[in-house]
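Q: output the structure for:
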Amino acid sequence: MADLTLSADRTLPLRILCLGAHSDDIEIGCGGTLLKLSHSYADLHVRWIVFSADQDRRREAEESAAAFLEGVAARQVNILDFRDGYFPYDGAAIKDYFEQLKAEMQPDLIFTHCRYDLHQDHRTLCDLTWNTYRSHLILEYEIAKYDGDLGAPNVFMGLDAALCERKVNYLLQFFGTQRSKHWFTRETFMALMRLRGVEAKATGGYAEAFYGRKIELA
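A: You can find the predicted model right below:
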């Protein structure tokens, strides 16, 4: 079980691990939170890993990560080439990567997919995150989709409208391959953050929401 130990001293290093199955997952799920933390912590260290991206989506992922992580003290972006849609069948190779990752980094905070996500790639990453990091603070982010798998998250990061607009503008700017999809719209992204802001009674009116499965207050 992880302790909730993010320091109130915003000058101390904060190490974050961001895990996404596809090139836009991290941005959709926790992009606003990362933008807010990048302004709040002077010494933010981010490891950003996308597990599946073809040539076009690799370029999108690299350009988007650069924008979201602008001004971060230290960053490392890794774009991998596991086959989209086949993560459960490539589980051994992906688990090997997680074991390598565990030897390289012990983060203070991990963002990963939600365990209830109906996309098979997303669920696989979530399972392996928990198998690998058993004593770390893990927050599972949500992604709206056709499957209708949104639930009742229990951790919220309040955001203001300007920060949400910045997040959405980046999404629409960098992910041209996704613009034709019926769900990839400004209204979708803003609506979910507004709804979570209502649930959290967030001061700025908006929020991103997460599942904190096991958190011990220390």
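Q: lowest average confidence, helix or strand, in the protein?
A: One helix or strand of the chain scores below all others by mean pLDDT, DSSP states H and E: strand 2-4, with a mean of 46.
Q: and the residue nearest to Arg186 when sequence neighbours are not counted, how many neighbours?
A: Excluding the flanking residues, the one nearest Arg186 by Cβ to Cβ, 6 or more residues apart in numbering is Val168, at 5.3 Å. Bear in mind the C-beta positions are built from the backbone N, C-alpha and C, glycine included. Counted with other Cβ atoms under 10 Å, residues neighbouring Val168 total 21.
Q: residue contacts, Val168?
A: Contact analysis of Val168 by Cβ atoms under 8 Å, 6 or more residues apart in numbering lists Arg186, Phe189, Met190.
Q: out of the residues you listed, which comes closest to Gly31?
A: Closest to Gly31 out of the contacts of Val168 is Phe189 (9.1 Å), distances taken as Cβ to Cβ.
Q: tell me the pLDDT at the closest one?
A: For Phe189, the pLDDT comes out at 98.
Q: low-confidence ranges in this protein?
A: Residue ranges of the chain with pLDDT under 70: 1-10, 218.
Q: where exactly do the strands run in it?
A: 2-4, 14-20, 44-50, 74-79, 109-113, 137-141, 155-159, 206-211, 215-217 (DSSP state E).
Q: Gly29 and Ala144 touch, don't they?
A: No: Gly29 is beyond contact range of Ala144, at 10.0 Å (criterion: Cβ atoms under 8 Å).
Q: higher neighbour count, these two?
A: Between Gly29 and Ala144, counted using other Cβ under 10 Å, the more crowded position is Gly29 (27 against 15).
Q: now Met105, nearest residue through space, not along the chain?
A: Using Cβ to Cβ, 6+ apart, the nearest residue to Met105 is Arg47, at 5.8 Å.
Q: phi first, then psi, for Thr185.
A: phi -140, psi 160 (degrees, to the nearest 10).
Q: tally of neighbours for it?
A: Thr185: 14 neighbours (other Cβ under 10 Å).
Q: buried stuff in stretch 155-166?
A: Buried positions in stretch 155-166, judged by neighbour count with 16 or more other Cβ atoms under 10 Å: Val155, Phe156, Met157, Gly158, Leu159, Asp160, Leu163, Cys164, Glu165, Arg166.
Q: name the nearest of the residues you listed relative to Ala200.
A: Once Cβ to Cβ is applied, the member of these that ends up nearest Ala200 is Phe156, at 3.7 Å.
Q: please name the bridge partners of the closest one.
A: Phe156 forms beta bridges with Ala209, as assigned by DSSP bridges.
Q: surely it is in contact with Ala202?
A: Yes: with contact defined as Cβ under 8 Å, Phe156 reaches Ala202; the gap is 6.7 Å.
Q: find the residues that touch each one of the two.
A: Arg196.
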